[in-house]
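Peer 1: Sharing a model that was predicted from the sequence below.
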Amino acid sequence: EVMLTDVAESRRISRSIQQHFGGVSGGGEGATLIDATVVSRLCWPSLPTDTFTLPAGVKKEMARFEKQFAHIKAPRKLVWKASLGTVTLDVIF
């Protein structure tokens, strides 16, 4: 039950943050590039902590998302698991 609540709350928070920034994924200037799934660490299995270097633009968007998350859910903070993420690329030939 807690896991289902986490997923529903995560969607609500992501929508709220996207609306705050005035965009959605793929929306151009000012669009929110991050759509995070936020879960409570106590109720989920341990997740791997692999590290790798993210592009500067992605780091910037993550920092923006994290700042707004802290504003909404203080005093909670995010611990990013970047290796568990996905990316959507538009390739133009």
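Peer 2: Great, that's in hand. Numbering: from 1, shown residues only.
Peer 1: Apart from its neighbours in sequence, what residue is nearest Cys41?
Peer 2: One thing to correct before we go on: residue 41 is Arg, not Cys. The shortest distance from Arg41 to any non-neighbouring residue, by Cβ to Cβ, 6 or more residues apart in numbering, is to Val79 (7.3 Å). C-beta: built from backbone N, CA, C; applies to glycine.
Peer 1: and the gap between the one you found and Val38?
Peer 2: Val79 sits at a distance of 10 Å from Val38 (criterion: Cβ to Cβ, to the nearest Å).
Peer 1: which one of these two has more residues nearby?
Peer 2: Val38 (18 against 9; other Cβ atoms under 10 Å).
Peer 1: just to revisit the earlier point, now do the SS call for the residue nearest to Arg41.
Peer 2: coil (DSSP: H, G, I helix; E, B strand; the rest coil).
Peer 1: surely it meets Val39?
Peer 2: No: with contact defined as Cβ atoms under 8 Å, Val79 does not count as touching Val39 (10.3 Å).
Peer 1: got any residues that touch both of these two?
Peer 2: Contact with both Val79 and Val39 is made by no residue, according to Cβ atoms under 8 Å, 6 or more residues apart in numbering.
Peer 1: got a pLDDT number for the spatially most central residue of the chain?
Peer 2: By Cα atoms, centre = their mean, the chain has its centre lying nearest to Ala36, at 2.4 Å. Note on Ala36: pLDDT of 83.
Peer 1: measure it to Ala63 for me?
Peer 2: The separation that Ala36 has from Ala63, given Cβ to Cβ, amounts to 12 Å.
Peer 1: for Pro75, same thing?
Peer 2: Counting by Cβ to Cβ, the gap from Pro75 to Ala63 is 18 Å.
Peer 1: Nothing else from me, thank you.
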